[in-house]
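Participant: can't give you the sequence, but here's the structure:
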């Protein structure tokens, strides 16, 4: 389930309660996947539409036993694409 709410730091959070994971897209272009997230917290985020995404993220992903991995950084991909020394296949 995708959760879009007004946040100055987070673009969206996609949750998977069965797996205990969530994908977080930050406003700076970084995309993280968090594993071992509390299923109760994930369900709470899905059901409670008025919860602060930043508060939820800090409490249940950053300051918890959840592990993360950086999946994608749009800034690095953009820098790679604008490099004049990279040849593209035509």
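Facilitator: Alright, I've got the coordinates. Bear in mind that the values here come from a model prediction, so they are computed numbers and not experimental data.

Participant: going by C-alpha atoms from here, please, whenever you check contacts or count neighbours.
Facilitator: Noted.

Participant: by mean pLDDT, which helix or strand of the protein comes out lowest?
Facilitator: Here the helix or strand of the chain ranked lowest by mean pLDDT, DSSP states H and E is helix 74-81, holding a mean of 54.

Participant: residue 31 falls within a strand, correct?
Facilitator: Yes - per DSSP: H, G, I helix; E, B strand; the rest coil, residue 31 lies within a strand segment.

Participant: show me the helices in the protein, by range?
Facilitator: Applying DSSP state H to the chain gives helices spanning 39-47, 53-57, 74-81.

Participant: could I get the average pLDDT for the second one?
Facilitator: Throughout helix 53-57, pLDDT has a mean value of 91.

Participant: got it, and stretch 29-44?
Facilitator: Stretch 29-44 carries an average pLDDT of 92.

Participant: got a list of contacts for it?
Facilitator: With contacts defined as C-alpha atoms under 8 Å, 6 or more residues apart in numbering, stretch 29-44 is touched by 15-18, 20-25, 60-61, 65-75.

Participant: give the buried residues for it.
Facilitator: Buried residues in stretch 29-44, defined by neighbour count with 16 or more other C-alpha atoms under 10 Å: 30-39, 41-43.

Participant: same thing with stretch 47-65?
Facilitator: Residues of stretch 47-65 classed as buried under the neighbour-count rule (16+ other C-alpha under 10 Å) are 53, 57, 60, 61.
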